[in-house]
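Chemist: take a look and give me a structure for this.
(one chain, ligands or ions: 1)
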Amino acid sequence: MNAAVPLLDLKAQYATIREEVRAAVDRVLESQYFILGPEVEALEEEVAAYCQCRYGIGVSSGSDALLVALMAIDIQPGDEVITTPYTFFATAGAIVRLGAKPVFVDIDPVTYNLDPARLEAAVTPRSRAILPVHLYGQMSDMQPVMEVAQRHGLVVIEDAAQAIGAEYRGQRAGSIGQMGCFSFFPSKNLGGVGDGGMVTTNDAALADRLKLLRGHGARPKYHHKVVGGNFRLDALQAAVLRVKLPYLDGWTAARQRNADAYRRLFAERGLLAGEYLFLPVDAGYGRHIYNQFVIRSQRRDALASYLKQQQIGTEVYYPLPMHLLECFAGLNLTAGAFPESEAAAQETLALPIYPELDGERLGRVVDAICGFYMDILDTGIN
Ligand SMILES: *Cc1c(COP(=O)(O)O)cnc(C)c1O
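Modeler: Here you go, the predicted model:
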């Protein structure tokens, strides 16, 4: 019996850094300094440098990074923020929590990122910001996004939760827009031992504003200048993330090697050219960090359950685009409004791509997918 292939294996990663992580946790426990403080400040500097940004502001999660970034530019009820409907919920949720309106722009079906050709038509006098998402670890086409933003005086906030270290023509995720929002959720490429996040910026005034808002708007203590929130990052997360950051480029290289291996093996099997399944397309902007390796199949659900029977982990990111979620029914958007996002939601499937995935297991994933299509061809099911 072959061993299972999980979608992600955090235990395998932990085994390689156990002693360092434990020492870092111990250092924090001995200090009894848990909220913000020197570990968080050091992480902020290190992540900012990694992202080619002047400032990093550690926050409680990627979701709170998005929320506090929108608060920092004073997004108000009635304002509009342009974003993609094909993303994790937090992107749109942050906009709606401030009473603002998410205005969706359909995706480019090849990269799954917001289609910049559709962007300008979504701008109205109420538009305040554009919130592109760098989905699956590949950056959005940022040059046209920045051009539209500049023409209309809009702020650009990058949702880089899946894209730490990704590059667009040599510029890192989070360094192109006015702010970049990162998540350290354990399954992200740089994951903590709990929730955490960061906002990056090159703007000193925004950095100051973000720090103020992160601590309930108090400066000094108990003198609240504005209403912020508790969006603080804790020292335990920071200490663990500081252990992991130096390994990130090696893990990214391993993910890229796995992506190459999938492409080579599927090509060898002749299961390509879009006839049966589509592999992710590298848009050629620069570094893709493969937070996910997402294939596309018109028989997605049957393929997923077949792989599950073979004990191969997969996941659908995401089964529903934002405009079809129950909680956004008030936006009065119906099926058919964003056809590319809707098709992607029905056809995409993430395969295991984690750095520790070895060639034997990766080969089993490819074998199983080929087996699925062979069975279909044999039985003539369409
Ligand atoms: C993970 C993620 C978030 C939210 O991050 P959390 O740390 O889980 O709150 C936001 N946007 C995208 C695109 C994400 O993948």
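
Chemist: isn't Gln138 up against Tyr285?
Modeler: Yes. A contact is recorded between Gln138 and Tyr285 when judged using CB atoms under 8 Å, the distance being 7.4 Å. C-beta: built from backbone N, CA, C; applies to glycine.

Chemist: more neighbours, those two?
Modeler: Gln138 (28 against 19; other CB atoms under 10 Å).

Chemist: need the contact list for the one residue in the stretch 201-350 of the chain that gets nearest to the ligand.
Modeler: Residue nearest to the ligand within the stretch 201-350 of the chain: Asn291 (7.5 Å; CB to the nearest ligand atom). Listed by CB atoms under 8 Å, 6 or more residues apart in numbering, the contact set of Asn291 reads 136-137, 162-163, 188-189.

Chemist: nearest to the ligand, of those?
Modeler: Using CB to the nearest ligand atom, the shortest approach to the ligand within the contacts of Asn291 belongs to Gln162, at 4.6 Å.

Chemist: quick check: closest non-adjacent residue to Leu307.
Modeler: The spatially closest residue to Leu307, leaving aside those adjacent along the chain, is Thr314, at 5.3 Å (CB to CB, 6 or more residues apart in numbering).

Chemist: could you measure that neighbour against Gly250, distance?
Modeler: When distances are taken as CB to CB, to the nearest Å, Thr314 and Gly250 turn out to be 25 Å apart.

Chemist: okay, the two: which has more neighbours?
Modeler: Legend: neighbour count by other CB under 10 Å for Thr314 and Gly250, higher for Thr314 (21 against 11).

Chemist: about what we covered before: what's near enough to touch the residue nearest to Leu307?
Modeler: Thr314 sits in contact with 7, 304, 307-308, 349-352, where contact means CB under 8 Å, 6+ apart.

Chemist: secondary structure class of Arg296, three-state.
Modeler: Recorded secondary structure, Arg296: strand (DSSP: H, G, I helix; E, B strand; the rest coil).

Chemist: residues contacting the closest residue to it other than its chain neighbours?
Modeler: By the measure of CB to CB, 6+ apart, the closest residue to Arg296 outside its immediate chain neighbours is Phe278, 4.1 Å from it. Neighbouring residues of Phe278 by CB under 8 Å, 6+ apart: 295-297.

Chemist: name the helix or strand for the nearest residue to Leu66 once chain neighbours are set aside, please.
Modeler: Distance criterion CB to CB, 6+ apart; nearest residue to Leu66, sequence neighbours excluded, is Ala94 at 3.8 Å. Here Ala94, judged by DSSP states H and E, is contained in helix 89-97.

Chemist: ok, is the helix or strand that that helix is followed by in contact with the ligand or not?
Modeler: Moving toward the C-terminus from helix 89-97, the first helix or strand encountered (DSSP H and E) is strand 101-104. No. Legend: contact between strand 101-104 and the ligand by CB under 6 Å from any ligand atom is lacking; minimum distance shown is 13.1 Å.

Chemist: report all helices and strands that strand 101-104 contacts.
Modeler: If contacts are counted by 3 or more CB pairs under 8 Å, 6 or more residues apart in numbering; DSSP states H and E, strand 101-104 sits against strand 80-83, helix 89-97.

Chemist: make CSV out of the ones you listed and add mean neighbour count.
Modeler: As requested, the helices and strands packed on strand 101-104 are exported to CSV (neighbours: other CB atoms under 10 Å):
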stretch, mean neighbour count
strand 80-83, 25
helix 89-97, 21
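
Chemist: tell me the predicted confidence for the residue of the chain found nearest the ligand.
Modeler: Per CB to the nearest ligand atom, the residue of the chain with the smallest distance to the ligand is Gly62, at 2.4 Å. Confidence per residue is given as pLDDT, and for Gly62 that number is 98.

Chemist: report pLDDT for the closest residue to it other than its chain neighbours.
Modeler: On the basis of CB to CB, 6+ apart, the spatially nearest residue to Gly62 that is not a chain neighbour turns out to be Ser183, at 2.5 Å. You'll see Ser183 listed with a pLDDT of 98.

Chemist: what does Leu277 give?
Modeler: 85.

Chemist: hang on, it packs against Ser297?
Modeler: Yes. With contact taken as CB under 8 Å, Leu277 and Ser297 are classed as touching, separated by 4.5 Å.

Chemist: quick check: Leu190 is in a strand.
Modeler: No. For Leu190, which was evaluated using three-state DSSP, the result is coil, with no strand membership.

Chemist: for it, phi and psi?
Modeler: When read as degrees, to the nearest 10, the backbone of Leu190 gives phi -120, psi 100.

Chemist: for Ile157, pull up the helix or strand it's in.
Modeler: Using DSSP H and E, Ile157 maps to strand 155-159.

Chemist: the helix or strand that comes right after that strand pairs with which strands?
Modeler: Counting by DSSP H and E, the next helix or strand C-terminal to strand 155-159 is strand 167-168. When pairing is defined by DSSP bridges, strand 167-168 lines up against strand 171-172 (antiparallel).

Chemist: now do the helix or strand just after the partner strand against strand 155-159, angle only.
Modeler: Where DSSP H and E defines the elements, the next helix or strand beyond strand 171-172 is strand 179-183. Here strand 179-183 points in a direction 20 degrees away from that of strand 155-159 (axes from the mean of the first three to the mean of the last three CA atoms, to 10 degrees).
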